[in-house]
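> what follows is a protein structure lacking sequence information:
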Ligand code: KIV
């Protein structure tokens, strides 16, 4: 499959997201946490790069995203922005960097924008509406995130699918519809819908004027996002809502084994790779 040469691609901007929804062009988003992988996924032609707080789990080895700090997100956003991708860079606000007050949220968003984010993402619906409105008022575009919000790990009792039960309590089906509307009304430019039943994601997508980007939310969203380590097959597990499009985990182990073997048997380095 031929990839689109970078030179032919236009920079993806925030208004493009709405335009793509209007044209029913599916939006693609993938996570990246450094310049190397940001370049690779950009060369492949992805529309949005999410510098996600999933870095806590897939890079830092944490069990969930709660320990990730704003300084760490700022660092990873800086690395990704050095790749100067054509894709839109979304900087994820980590737990504790926006929940205290709208003012704290604006300050944290400014921090990520100065490092090269082109919009920020935060988790929460109705309760985060005022915060989203305050950030967007200073012209920082916001991507919302509803459904299975990983920063709500302890409230949910783990990474659990939301919206299966009816109700207006957090995680209830009717509440998720309210969350989606609240995020839209607050001025978000798109919303990630994670870990909800397919029919609910479809209903949200049909009702909203802003694009929905699904993960574990079925095929009817306006776009899809996956974590880089899952797409590349670097993760050990394949979860129900993820897919390994390559097997770089085994590739990495085999390559390292080959290096170890050649060093041990004295075939690396050979004369060709030596200086004279
Ligand atoms: O941090 C992240 O990678 C995310 C995606 C799972 C949407 O929030």
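Yep, it's here. Computed from a predicted model, the values in this text were never measured in an experiment.

> so where's the longest helix in this structure?
Looking across the chain with DSSP state H, the single longest helix is helix 248-265.

> tell me the mean pLDDT over that helix?
The average of the pLDDT scores along helix 248-265 is 98.

> same question, stretch 172-191
On average, stretch 172-191 scores 98.

> which element is the closest residue to residue 117 other than its chain neighbours on?
Closest residue to residue 117 apart from its sequence neighbours, by CB to CB, 6 or more residues apart in numbering: residue 91 at 3.0 Å. Placement of C-beta: from N, CA and C, glycine included. For residue 91, the host element (DSSP states H and E) is strand 88-92.

> need the contact partners of that strand.
12-14, 16-17, 29, 47-54, 73, 77, 80-81, 109, 112-113, 115-122, 143 (CB atoms under 8 Å, 6 or more residues apart in numbering).

> gap between the longest helix of the chain and the chain center?
The chain centroid and the centroid of helix 248-265 are separated by 31 Å, computed with CA atoms, centre = their mean, to the nearest Å.

> how close does the closest residue to the ligand within the chain get to residue 123?
Nearest residue of the chain to the ligand, counting by CB to the nearest ligand atom: residue 52, 2.4 Å away. Distance, residue 52 to residue 123, by CB to CB, to the nearest Å: 11 Å.

> more neighbours: which of these two?
Between residue 52 and residue 123, counted using other CB atoms under 10 Å, residue 52 has the larger neighbour count: 29 against 24.

> now the more buried one: phi and psi?
phi -90, psi 150 (degrees, to the nearest 10).

> dump the residue contacts of it.
31, 33, 92, 121, 227.

> what is the least confident helix or strand in this structure?
Every helix and strand of the chain was ranked by mean pLDDT, DSSP states H and E. The lowest is helix 153-156, at a mean of 95.

> return the set of buried residues in the helix or strand just after that helix.
Per DSSP H and E, the first helix or strand lying C-terminal to helix 153-156 is helix 173-185. Buried residues in helix 173-185, counted by 16 or more other CB atoms under 10 Å: 173, 175, 176, 177, 178, 179, 180, 181, 182, 183, 184.

> which strand or helix spans residue 145?
Here residue 145 is assigned to strand 142-147, by DSSP H and E.

> likewise residue 72?
Secondary structure assignment for residue 72, by DSSP H and E: helix 70-81.

> buried ones in that helix?
Buried-residue list, helix 70-81, by 16+ other CB under 10 Å: 70, 72, 73, 74, 76, 77, 78, 79, 80, 81.

> ok, now stretch 163-172?
By 16+ other CB under 10 Å, the buried positions in stretch 163-172 come out as 163, 170, 171, 172.

> ok, now stretch 32-47?
32, 33, 34, 35, 37, 38, 39, 41, 42, 43, 46, 47.

> and the nearest residue to the first one once chain neighbours are set aside, what pLDDT?
By that I understand residue 32. Counting by CB to CB, 6+ apart, residue 38 is the residue found nearest to residue 32 once chain neighbours are left out, at 4.3 Å. Note on residue 38: pLDDT of 98.

> restricted to strands, list the contacts of strand 88-92.
Mapping these onto strands (DSSP state E) picks out 29, 48, 49, 50, 51, 119, 120, 121, 143.

> which residues touch the first one?
Contact partners of residue 29, counting by CB under 8 Å, 6+ apart, are 46, 47, 48, 49, 50, 90, 213, 223, 224, 225.

> closest to residue 64 out of the buried residues of stretch 32-47?
Using CB to CB, residue 33 is the member of these that lies nearest residue 64, at 16.5 Å.

> need phi/psi at the closest one.
phi -130, psi 0.

> which residues are in contact with it?
Residue 33 neighbours (CB under 8 Å, 6+ apart): 51, 52, 55, 58, 59, 76, 79, 80, 228.

> for the residues you listed, give me JSON lines that also has pLDDT.
Shown next, in JSON lines, are these (pLDDT from 0 to 100):
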{"residue": "51", "pLDDT": "99"}
{"residue": "52", "pLDDT": "98"}
{"residue": "55", "pLDDT": "98"}
{"residue": "58", "pLDDT": "96"}
{"residue": "59", "pLDDT": "97"}
{"residue": "76", "pLDDT": "98"}
{"residue": "79", "pLDDT": "98"}
{"residue": "80", "pLDDT": "98"}
{"residue": "228", "pLDDT": "98"}
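
> perfect, I'm done here.
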